[in-house]
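Colleague: How does the following fold in three dimensions:
(one chain, ligands or ions: 4)
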Amino acid sequence: QRCKIHMSSLYRPVTVTPPPPKAAMEKASGGTKDEQESLSKSLKLLIVNGIIGPSSCIGAYHLLPIGLKAMEKLSQLVDNHMLMANCQKIQMPILTSASLWKTTGRLEECKPELMRVIDRHSKEFLLSPTHEEAICDLIKNPSLSYKQLPQRLYQITEKFRDEKRPRFGLLRGRQFLMKDLYTFDANLEAAEQTYSEINEVYSKLLNSLGLKWIQALGSTGTIGGHKSHEFHVLSEIGEDSILHCSSCNEVFNADLLQLGIQKEDKLKATASGSGTVSSLLSQSIPKCINCGSATLSSSKCVEVGHSFLLGTKYTKPLAAIYINKENKKIPLEMGCYGLGVSRLLAASVEVKSSSDEIRWPLRIAPYLVSIIPPKQGSKEDPLGTQLAVQIYEALKKILPTDVIYDDRINMTIGKRVKDSKKLGIPFVVVCGQSVHDPLGALMEFHDFNADSVSLEYSDKISKY
Ligand code: ATP
Ligand code: MG
Ligand code: MG
Ligand code: MG
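Modeller: Ligands and ions are numbered 1, 2, ... in the order given. So this is what the prediction gives:
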């Protein structure tokens, strides 16, 4: 009895009372009209179904039991993919000394987005938005030998950015979960090899979630380095525009175009003393950054991952070196690979769900099966209930943490099925409802886009 996972005991504050949780939505969006517009389908679904909860801080959310379970599944999936590329998991402190960021010049450069903390001794720290500086400080070791390379270290931790416009819930938070991998190689050639290996693993990860995604050339921005590639999930809610050139097949972030125009504009403005960026952007027809053709098509996208080939941008100023065969000190060739875990979860919900029912990628569905016994006192009870308990016990042996028993026996079966569907539980077993046998069980599989994975699981269930 004690080990049962019961629907009634799940902490889902919002769904306990049926009326739409208007107050909760207002709290999530900050309440003002501008912020009301920052509600997305995923944010609404996640709040209305008690998956996440708004907090006292705009852009930060409570993860409730179901939400945390999905996030942990996604983190585990990310771990498995990192393992494929021989990466080792670590955990760095959330706080990074501001002095490290001063050394690389980013304390000034990233100023508006930094969340700063001052301790009782007036020392300044950052609630880290990313960890390039911190990892260089960690890896820095005057006796690190070429024999110890490459190093591939990653973590999955909360990051903090004081976003100008936090919105769409987990899609753009001020606190969010990121997987950040940092790699260190002996030379640029090896670092390039690492870069393509990790990008390959990102492709596998996004494929395993059954998402429509694209890889695009990105700008190196304030992080810097030789080159960068972004991974985008296609969605109208996305804040990025990705351009595809039908002449040469180049795919790139429209940011790159604007950066190019801005540079051009600066030159022109200095030459003629006139011209603004915005006037140029309306005047000029966007051209492919690779072949110059104007045959570009654009898609709205959500950036979920970003890889950078950094070179020695951080390792040089922070003195992260290794000793080569000739006993010389050489700066490490670095790469960094960010993946927005919480953003990826929300983006998956955003693109897969209907307007009132969540659909998860099957691999991160918090529960796979819900077992629904008959309504108390109905003609199917108590035999149908006994069957439900038997099925539950048997399924728990195969899927220990993925089966939930819907013990709300005062509710009709229809309402409980609807609730399972809203939560995105893909398999619902209704007991005492089979057409052929009033005491049999009917299993429904809710419309998923998950091909082979769904077969694997349905196979397990049908074996029972
Ligand atoms: P964006 O362009 O959306 O602001 P970014 O380019 O600033 O993102 P990166 O510095 O490349 O982000 O960070 C790596 C990853 O972290 C991003 O690809 C994204 O998935 C995730 N991420 C960044 N900012 C946020 C945020 N505010 N909320 C949730 N995830 C985020
Ligand atoms: Mg950003
Ligand atoms: Mg970006
Ligand atoms: Mg980025």
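
Colleague: Indicate the residue of the stretch 1-150 of the chain located nearest to ligand 1.
Modeller: Nearest residue of the stretch 1-150 of the chain to ligand 1 (Cβ to the nearest ligand atom) works out as residue 130 at 5.9 Å. Heads up, the C-betas are built off the backbone N, CA and C, glycines and all.

Colleague: what's the answer for the stretch 101-250 of the chain, then?
Modeller: Across the stretch 101-250 of the chain, the shortest distance to ligand 1 (Cβ to the nearest ligand atom) belongs to residue 176, at 3.5 Å.

Colleague: Spatially nearest residue to that residue (excluding sequence neighbours)?
Modeller: residue 342 (4.7 Å; Cβ to Cβ, 6 or more residues apart in numbering).

Colleague: Just the mean pLDDT for the helix or strand where that neighbour lies, thanks.
Modeller: Element membership for residue 342 (DSSP states H and E) is helix 341-352. Mean per-residue pLDDT for helix 341-352: 97.

Colleague: Can you list the buried residues in the helix or strand that that helix is followed by?
Modeller: Toward the C-terminus, helix 341-352 is succeeded by strand 369-372 as the next helix or strand (DSSP H and E). Under the neighbour-count criterion of 16 or more other Cβ atoms under 10 Å, strand 369-372 has 369-372 buried.

Colleague: again with stretch 328-341
Modeller: For stretch 328-341, a neighbour-count test (16+ other Cβ under 10 Å) marks 331-341 as buried.

Colleague: next one: that stretch to chain centre, how far?
Modeller: Its chain's C-alpha centre and that of stretch 328-341 lie 21 Å apart, by Cα atoms, centre = their mean, to the nearest Å.

Colleague: and residue 391, helix, strand or coil?
Modeller: State at residue 391, reduced to three classes by DSSP: H, G, I helix; E, B strand; the rest coil: helix.

Colleague: just residue 69 next, same as before
Modeller: Here residue 69 is helix, with the state taken from three-state DSSP.

Colleague: Could you pull up the contacting residues of it?
Modeller: If a contact means Cβ atoms under 8 Å, 6 or more residues apart in numbering, then residue 69 has 366-367, 401 as its contacts.

Colleague: between the residues you listed, which is closest to ligand 1?
Modeller: Using Cβ to the nearest ligand atom, residue 366 comes nearest to ligand 1 of the contacts of residue 69, at 20.0 Å.

Colleague: So the closest one sits against residue 66, correct?
Modeller: Yes. When contacts are counted by Cβ atoms under 8 Å, residue 366 is listed as touching residue 66 (4.7 Å).

Colleague: where do the helices sit along the stretch 1-150 of the chain?
Modeller: 22-29, 33-36, 41-48, 65-84, 98-104, 106-109, 132-139 (DSSP state H, counting those that start in this stretch).

Colleague: Name the residues of the longest one that are buried.
Modeller: Translated: helix 65-84. 66-67, 69-71, 73-75, 77-78, 81-82.

Colleague: Give me the contact status of it with ligand 1.
Modeller: No. Helix 65-84 does not reach ligand 1 (Cβ under 6 Å from any ligand atom); its nearest approach is 11.9 Å.

Colleague: List the buried residues for stretch 113-128?
Modeller: 114, 125-128.

Colleague: Let's have those in JSON lines, adding pLDDT.
Modeller: Listed next are the buried residues of stretch 113-128 as JSON lines, based on pLDDT from 0 to 100:
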{"residue": "114", "pLDDT": "98"}
{"residue": "125", "pLDDT": "98"}
{"residue": "126", "pLDDT": "98"}
{"residue": "127", "pLDDT": "98"}
{"residue": "128", "pLDDT": "98"}
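
Colleague: Among those, which pair sits farthest apart?
Modeller: Longest distance between any two of the buried residues of stretch 113-128 is 10.3 Å, between 114 and 125; criterion Cβ to Cβ.

Colleague: re the thing from before, pretty sure the residue nearest to residue 176 is touching residue 170, no?
Modeller: Yes. Assessed by Cβ under 8 Å, residue 342 is found in contact with residue 170 at 4.5 Å.

Colleague: who's more crowded, these two?
Modeller: Set residue 342 next to residue 170 and count neighbours by other Cβ atoms under 10 Å: residue 170 wins out with 30 against 24.

Colleague: Could you tell me whether the more buried one really is in a strand?
Modeller: No. Counting by three-state DSSP, residue 170 falls outside a strand, being helix.

Colleague: who in the stretch 201-350 of the chain is up against ligand 1?
Modeller: When proximity is defined by Cβ under 6 Å from any ligand atom, the stretch 201-350 of the chain lies next to ligand 1 at 303-306, 338, 340, 342-343.

Colleague: Including distance to residue 181, could those residues go into TSV?
Modeller: Below are those laid out as TSV (distance: Cβ to Cβ, whole Å):
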residue	distance to residue 181
303	16
304	14
305	10
306	11
338	8
340	13
342	17
343	16
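
Colleague: Closest one of the buried residues of stretch 113-128 to residue 293?
Modeller: Using Cβ to Cβ, residue 114 comes nearest to residue 293 of the buried residues of stretch 113-128, at 40.1 Å.

Colleague: How far does whichever strand or helix holds the residue of the stretch 101-250 of the chain closest to ligand 1 sit from its chain's centre?
Modeller: Element membership for residue 176, per DSSP H and E: strand 175-185. Strand 175-185 sits 12 Å away from the centroid of its parent chain (Cα atoms, centre = their mean).
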